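Asker: please work out how this folds:
(chains A and B)
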Amino acid sequence: DAGVIQSPRHEVTEMGQEVTLRCKPISGHDYLFWYRQTMMRGLELLIYFNNNVPIDDSGMPEDRFSAKMPNASFSTLKIQPSEPRDSAVYFCASSLRLAGTDTQYFGPGTRLTVL
Amino acid sequence: QQQVKQSPQSLIVQKGGISIINCAYENTAFDYFPWYQQFPGKGPALLIAIRPDVSEKKEGRFTISFNKSAKQFSLHIMDSQPGDSATYFCAATDSWGKLQFGAGTQVVVTP
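Answerer: Modelled structure (predicted):
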């Protein structure tokens, strides 16, 4: 398996623009997670899905952030409008189950820079 | 507020030395403690994990020590190699499976 695939790997945009990050989880994994990594706040869970259904979005920072999973093999994280403080590395991860012992497999991340 | 506190923030160790990273938690509902390793430009990857009913777990040069009463656990990297240079995250999870990560420790192993 190719692992978790994320695109784009790098995104540079201007404040106010819409940004869409994409993720393809590992085939057969029922859970998909979106994380944000910054120097100040470390790794934060933003939202996770089970069988394409959003289960917990309590980590989504603001209404400017939205996430969807239209099918088992694709998810998007959208920021509209983007702000400089959204600059971070965004990771997508997937796992077979949510049970604590289940390994979460992370993608390579998307480095977002908002000017 | 981070539920898992990790120290040090960074450390430099000579090749062949021992790297030690410490973590502490408060939530007694946590029942699984993984460590993730992250190389520059990559996503975190599971390195080793432990349950609280075990005091130590060893995999190759990596050992987790767990002190349930103190609510502390640590990662020891024996015979550190330059290829071990990475950022290490401790984490904890409860039965809900949501990972709570520590702040990370950047390890640099000098030749």
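
Asker: any regions of chain A where pLDDT drops low?
Answerer: For chain A, the stretches with pLDDT under 70 are A:1, A:99-100.

Asker: now with 90, please.
Answerer: A:1-2, A:39-41, A:61-62, A:97-103 (pLDDT under 90).

Asker: any idea which residue of chain B lies closest to chain A?
Answerer: B:G43 (3.1 Å; CB to the nearest CB). C-beta: built from backbone N, CA, C; applies to glycine.

Asker: list the contacts of that residue.
Answerer: A:V4, A:F91, A:A93, A:F106, A:G107, A:P108, A:G109 (CB atoms under 8 Å, 6 or more residues apart in numbering or on different chains).

Asker: which residue is the nearest non-sequential neighbour of it?
Answerer: Ranked by CB to CB, 6 or more residues apart in numbering or on different chains and with sequence neighbours excluded, the top spatial neighbour of B:G43 is A:F106, at 3.1 Å.

Asker: picking up where we left off before, looking at the contacts of B:G43, which has the most residues close by?
Answerer: Using other CB atoms under 10 Å in any protein chain shown as the neighbour test, those are led by A:F91, with 27 neighbours.

Asker: and that residue, how close does it get to A:S66?
Answerer: Note on A:F91: its distance to A:S66, by CB to CB, to the nearest Å, is 17 Å.

Asker: thanks a lot, see you next time.
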